[in-house]
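> next comes the sequence, and after it the predicted model I'd like to discuss.
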Amino acid sequence: NAGVTQTPKFQVLKTGQSMTLQCAQDMNHNSMYWYRQDPGMGLRLIYYSASEGTTDKGEVPNGYNVSRLNKREFSLRLESAAPSQTSVYFCATRRDLYEQYFGPGTRLTVT
Amino acid sequence: AQKITQTQPGMFVQEKEAVTLDCTYDTSDPSYGLFWYKQPSSGEMIFLIYQGSYDQQNATEGRYSLNFQKARKSANLVISASQLGDSAMYFCAMREGRNNNDMRFGAGTRLTVKP
């Protein structure tokens, strides 16, 4: 039972390059989330998916796209990376009204 | 507008003592949930405690308790009998009932436990 897994753990991109961050969960949760964490700040919601087949924007969606491939997987795509997207990215799932379960994070640097 | 405010960027506490981490929030929604998460230096986010806006009693989980003062809109985390392993970043967060998929986090407090 791996919980929430994210790949890759680290990534360095050049400005303008694209990449997809992968997230998978084996907890059979409906809701999945993508957050970013910048230095000195808390997490900010980028996109979320309340159920398979639906996605919605969060607080900071610009520059990102998402895909809820199936119930297990929720990917985050950067089409043209910018230095302002240097951050740590967390995927999370939610079982009920209470806890969110977070993945280990992906540290992304855009040069 | 900032929904969650943590005014203490850093706190120090002596091992075995209690410490209070402050959190104030802003919402007009009568239904909301308040959360505290711990982030050790390894980076993962660990759920600590939850308080619902309609809960009559303050939440407790082991050495963690939440001092919920609804009228003052504060949700302070109290850690009793601090341990060295409690050294970490602590984040307060809120989810409002009207959009219960949008969780807002404070900027965090870095707690250092001294031996």
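Right, received. Where do you want to start?
> could you tell me which residues of chain A lie near chain B?
With the criterion set to Cβ under 8 Å from any Cβ of the partner chain, chain A comes near chain B through A:31, A:33, A:40-45, A:48, A:50, A:56, A:58-59, A:88, A:90, A:92, A:97-102, A:104-105. Any C-beta I mention is one placed from the backbone N, CA and C, and that applies to glycine too.
> quick check on those residues: which are buried?
Among the residues of chain A next to chain B, those scoring as buried are A:31, A:33, A:42-45, A:48, A:50, A:58, A:88, A:90, A:92, A:100-102, A:104-105 (criterion: 16 or more other Cβ atoms under 10 Å in any protein chain shown).
> ok, which stretches of chain A are strands?
A:4-7, A:10-13, A:19-25, A:31-37, A:43-49, A:56-57, A:65-68, A:74-78, A:87-94, A:100-102, A:106-110 (DSSP state E).
> check chain B too.
Applying DSSP E to chain B gives strands spanning B:4-5, B:10-14, B:19-21, B:24-25, B:32-39, B:46-52, B:60-61, B:64-69, B:74-79, B:88-96, B:103-105, B:109-114.
> so which of these gets nearest chain A?
Chain A lies closest, by Cβ to the nearest Cβ, to one member of the strands of chain B: strand B:103-105, at 2.9 Å.
> so which bits of chain B are right by chain A?
Within reach of chain A by Cβ under 8 Å from any Cβ, chain B has these residues: B:4, B:33, B:35, B:43-45, B:47, B:50, B:52, B:91, B:93, B:100-108.
> ok, the closest residue to A:Val60 other than its chain neighbours to A:Tyr33 distance?
Nearest residue to A:Val60 in three dimensions, chain neighbours excluded: A:Arg44, at 5.0 Å (Cβ to Cβ, 6 or more residues apart in numbering or on different chains). Distance of A:Arg44 to A:Tyr33, computed by Cβ to Cβ, to the nearest Å: 11 Å.
> list the residues that contact both of these two?
Counting by Cβ atoms under 8 Å, 6 or more residues apart in numbering or on different chains, the shared contacts of A:Arg44 and A:Tyr33 are A:Gly58.
> right, and B:Pro30 touches B:Gly97 too?
Yes. Applying Cβ atoms under 8 Å, one finds B:Pro30 in contact with B:Gly97, separated by 7.4 Å.
> between those two, which one's more packed in?
Taking neighbours as other Cβ atoms under 10 Å in any protein chain shown, B:Pro30 and B:Gly97 compare with B:Gly97 leading, 15 against 10.
> what sits against the closest residue to the more buried one other than its chain neighbours?
In this structure, B:Gly97 finds its nearest non-sequential neighbour in B:Ser31, 3.0 Å apart by Cβ to Cβ, 6+ apart. Contacts of B:Ser31 were listed using Cβ under 8 Å, 6+ apart, and they are B:Ser53, B:Tyr54, B:Glu96, B:Gly97, B:Arg98.
> many thanks, I have nothing further to ask.
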